[in-house]
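> structural data only, the sequence is not supplied:
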């Protein structure tokens, strides 16, 4: 594990993957927009909480990554919540510009075909 | 990898973890609520798309899990989107009752202290 300054009381509540990471769901504060999913280790979480700037661990590059540092598409952190079993975070941010590297507002822009919806929905009424 | 009936054209777009999984972010359709984070393999995604009922892979139990099958807290699937790099899903559902096993509506109910927000926010004005 990489060294971290995270509060030990918080660290004790985390249930990390075998890679030492938590999934971080990023939401535009006060809206329905889920912007992206990224990954945090203990130190990325520490920096996010104490700087107010969303900071992730890049699995592909193997380094910390402050969202917007190169793109200017900053994420100002409004709130962070840990889930019930300690393996995921919900990060509420004010997103400047697009969150996705493709230039789209959110990373979730590839719809998959749901073929089973109609029958189930009709069955409820 | 476990056998799957997922459309090969969709399967080819997925970038799975070393465990063969994708992170699935679950949102209450049309609201700001992010309900939970769960995991899907190819077959769980196939079942979710074709039955319209959210189906996950339980990492702890090593089995498929249809949300609500035992609790009655069903998730009727409205839409599924894959993210830009193919490693995460956004699942829009109609959630019946609480999503969390604790009885709370969402699993993200443990707020962590963000100490760096005020300064950054003030610096923008």
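Thanks, I have it. Not measured: the values here are computed from a predicted model. Residues are numbered from 1 along each chain as shown, chains lettered A, B, ... in the order given.
> would you mind measuring from the residue nearest to residue A:42 when sequence neighbours are not counted to residue A:40?
Nearest residue to residue A:42, sequence neighbours excluded (C-beta to C-beta, 6 or more residues apart in numbering or on different chains): residue A:4, at 3.7 Å. Using the backbone N, CA and C atoms, a C-beta is placed for each residue, glycine as well. Distance of residue A:4 to residue A:40, computed by C-beta to C-beta, to the nearest Å: 11 Å.
> now do residue A:1
Counting by C-beta to C-beta, the gap from residue A:1 to residue A:40 is 13 Å.
> neighbour count winner among those two?
Using other C-beta atoms under 10 Å in any protein chain shown as the criterion, residue A:1 and residue A:40 rank with residue A:40 on top: 27 against 10.
> tell me the contacts of that one?
By C-beta atoms under 8 Å, 6 or more residues apart in numbering or on different chains, the residues touching residue A:40 are A:21, A:22, A:24, A:48, A:55, A:56, A:57, A:89.
> what about it, distance to chain B?
From residue A:40 over to chain B the distance is 11 Å, taken as C-beta to the nearest C-beta, to the nearest Å.
> now that residue, which residues is it bridged with?
residue A:22 (DSSP bridges).
> please apply the same query to residue A:36.
The partner residues for residue A:36, given DSSP bridges, come to residue A:26.
> among the contacts of residue A:40, which ones are buried?
Buried subset of those (neighbour count, 16 or more other C-beta atoms under 10 Å in any protein chain shown): A:21, A:22, A:24, A:48, A:55, A:56, A:57, A:89.
> who are the contact partners of the first one?
Translated: residue A:21. Counted by C-beta under 8 Å, 6+ apart, residue A:21 has contacts A:39, A:40, A:41, A:57, A:59.
> please redo it, this time with the cut-off set to 7 Å
By C-beta atoms under 7 Å, 6 or more residues apart in numbering or on different chains, the residues touching residue A:21 are A:39, A:40, A:41, A:57.
> and the last one, what element?
With secondary structure defined by DSSP states H and E, residue A:57 is part of strand A:55-58.
> what's the mean pLDDT across that strand?
Averaging pLDDT along strand A:55-58 gives 97.
> same question, stretch A:73-81
The model assigns stretch A:73-81 a mean pLDDT of 96.
> where are the low-confidence patches of chain A?
Applying pLDDT under 70 to chain A picks out residues A:117-125.
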